[in-house]
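Visitor: I'll drop the sequence and a predicted model, then ask my questions.
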Amino acid sequence: MKKREMPSLLVYGLACLLSAGCTKPNPMARSSNPEMHPLALLQVDKQIDVFDAGMEKENVIPTSADQRPTWVVSGRIKNHTRWFVESVWVEVHILDKQTGSELDSTIIKMDHLRVPPNDGVVAFSQAVRILPPARPWTWTYNVISAATEPLHGDIGEESQ
């Protein structure tokens, strides 16, 4: 440390001690009026993509009271935000192939994903219980909700 810097640091330190809630200036701060860190994403259809999705029946005999077959839904999630995404909710719809009418649906909630910001991608695989009909059917899905990490989810923040 240069001797000429010492008085300015002493003045800064003394000023901090005399004022309440003084914090060291952050040279990495993006702006004087930063955007608030969201917990729930508001435009989830534009901020989160699910792609390469597939659904396969699992060859397991149900042992619980719920006797519907188990299906595994898998794919990848892409995060278009600048925050780490912790959870994503995807609604799966079973549709009649001829009429397009909905026959069954379920919601998959995936927690602790930590999808990286700025177009980061994470794979997922979740088991669901649904009872597709005996007649021809198809399925579709849509992201209905997503949430960022509650603490230190901003790429500009340091984690503790």
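Guide: Alright, I've got the coordinates.

Visitor: give the contact list for the spatially closest residue to D111 that is not a sequence neighbour.
Guide: In this structure, D111 finds its nearest non-sequential neighbour in S87, 4.7 Å apart by Cβ to Cβ, 6 or more residues apart in numbering. C-beta: built from backbone N, CA, C; applies to glycine. Counting by Cβ atoms under 8 Å, 6 or more residues apart in numbering, S87 makes contact with K109, M110, D111, H112, L113, S145, A146, A147.

Visitor: Pull out the buried members of those.
Guide: Buried members of the contacts of S87, counted by 16 or more other Cβ atoms under 10 Å: M110, L113, A146, A147.

Visitor: Which one of those residues is nearest to W137?
Guide: Checking those against W137 by Cβ to Cβ gives M110 as the nearest, at 23.8 Å.

Visitor: I figured that closest one was touching E86, is that so?
Guide: No - here M110 lies out of contact with E86, judged by Cβ atoms under 8 Å, at a distance of 9.3 Å.

Visitor: Run a quick neighbour tally on Q47.
Guide: Number of residues near Q47 (other Cβ atoms under 10 Å) recorded here: 19.

Visitor: Let me fix that, I meant to ask about W139.
Guide: 19.

Visitor: does it sit in a helix or strand, and which one?
Guide: strand 137-148 (DSSP states H and E).

Visitor: Give the residue spans of this protein that score low on pLDDT.
Guide: Applying pLDDT under 70 to the chain flags the ranges 1-38, 150-160.
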